[in-house]
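Colleague: structure for this input, please:
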Amino acid sequence: MATPLSAAKMLAALKAEGLTVHEHAGWKTHNRDAASGKSFGPVIGVLIHHTGGHNDKELCYKGRSDLPGPLCHAWLGKTAGLWMIGNGRTNHAGYADIDVLNALREEKPLPHDDAATADGNDCLYGLEIENLGKSGDPYPNAQYRQAVLWAAAICRAHGWSEKSVAGHKECQPGKIDPSFDMDDFRAAVKKQLAVEPGKTEPTKPAGKPRVDLSRLVKAAKTDPGAKQGHVSYMAGTNLT
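Modeller: Residues are numbered from 1 along each chain as shown. Got it, this is the predicted structure:
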């Protein structure tokens, strides 16, 4: 666990990692701390998302009618680069599996997410990557590379390893973001952390997610005898 980075320290860490950082007006004081009555931190890791849309930087800053902004700490566009969106508590993680959060805190292998009872907004930095999250919408190499650098910069600043990095789909049942392989992503973060900040390590393109059919297998065994409408699994297939 660690004290959240101040706005100044966050900017310094990201720039030291080699990122060009754009600042949305008002981002340094844009958070949900006062509105929620909950402070951000201590922090235990970083969470990676895809937005599910395009041209959604302002949506991530302002939020939606059902979910006030900011919806992340940083937004990463396909071509627009990395933008600072919020500083403090943001509405990006929602409720998460406590076992997964504990694993991130202890930097252990992540267990399967099968419940959502702990507030991830309390303790996770969030990055939203502009992408539909569907086949036919690839992540440009430069965009994916910036996502790796963002995660590495925060991990380096806190003295964390790549084991403090998770995808939203690994923390909350039913989520599918981001639509790339998180093991590949963590491997790239690990590679980046092995060099001095500011030096660049080549990053492979975003890998396709692997599909875990264990929940469908369980459903096939238990659903036939269940009442109509029964659900024995959370997300059908769990993308990992």
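Colleague: can I assume residue 129 is in contact with residue 48?
Modeller: Yes - with contact defined as CB atoms under 8 Å, residue 129 and residue 48 form a contacting pair (7.1 Å). To be clear about C-beta, it is placed using only N, CA and C from the backbone, and glycine gets the same treatment.
Colleague: now the common contact residues for these two.
Modeller: Among the neighbours of residue 129, those also in contact with residue 48 (CB atoms under 8 Å, 6 or more residues apart in numbering) are 147, 178.
Colleague: which residues does the residue nearest in space to the middle of the chain form beta bridges with?
Modeller: In the chain, the residue lying closest to the centroid (CA atoms, centre = their mean) is residue 48, at 1.8 Å. Assessed by DSSP bridges, residue 48 has beta-bridge partners residue 127, residue 167.
Colleague: max-length helix in this structure?
Modeller: Residue-count comparison of every helix in the chain, with assignments taken from DSSP state H, identifies helix 141-158 as the longest.
Colleague: check which helices and strands it sits against.
Modeller: Here helix 141-158 touches helix 7-16, strand 45-50, strand 74-76, strand 124-129, helix 182-193, going by 3 or more CB pairs under 8 Å, 6 or more residues apart in numbering; DSSP states H and E.
Colleague: if I take that helix and strand 124-129, what angle do their directions form?
Modeller: In this structure, helix 141-158 runs at an angle of 170 degrees to strand 124-129, with axes from the mean of the first three to the mean of the last three CA atoms, to 10 degrees as the basis.
Colleague: still on that earlier bit, deepest of the helices and strands packed on helix 141-158, which one?
Modeller: strand 74-76 (a mean of 29; mean count of other CB atoms under 10 Å).
Colleague: what mean pLDDT does the helix or strand that that one is followed by get?
Modeller: As assigned by DSSP states H and E, the chain's next helix or strand after strand 74-76 is strand 82-84. Predicted confidence along strand 82-84 averages 99 (mean pLDDT).
Colleague: outline the domain layout of this structure.
Modeller: Described in terms of automatic domain parsing, the domain architecture of the chain consists of the residue ranges 7-209, 212-240.
Colleague: gap between the first one and the chain center?
Modeller: Okay, so that is domain 7-209. For domain 7-209, the separation from the chain centroid amounts to 3 Å (computed by CA atoms, centre = their mean, to the nearest Å).
Colleague: quote the end-to-end distance of stretch 175-190.
Modeller: Terminal residues of stretch 175-190 are spaced 24 Å apart (CA to CA, to the nearest Å).
Colleague: can you pull the poorly scored residue ranges out of the chain?
Modeller: Flagging of the chain using pLDDT under 70 yields the residue ranges 201-202, 205, 207-240.
Colleague: burial measure for residue 82, as a count.
Modeller: Number of residues near residue 82 (other CB atoms under 10 Å) recorded here: 22.
Colleague: excluding covalently adjacent residues, which one is nearest to residue 105?
Modeller: Nearest in space to residue 105, with sequence neighbours left out and distances taken as CB to CB, 6 or more residues apart in numbering, is residue 44 at 4.3 Å.
Colleague: what do you get for residue 47?
Modeller: Nearest non-adjacent residue to residue 47 (CB to CB, 6+ apart): residue 124, at 4.5 Å.
Colleague: what's near enough to touch the one you found?
Modeller: When contacts are counted by CB under 8 Å, 6+ apart, residue 124 touches 43, 44, 45, 46, 47, 92, 93, 96, 101, 104, 166, 171.
Colleague: shouldn't the fifth one be in contact with residue 164?
Modeller: This points to residue 47. No - with contacts counted by CB under 8 Å, residue 47 stays clear of residue 164, the gap being 10.1 Å.
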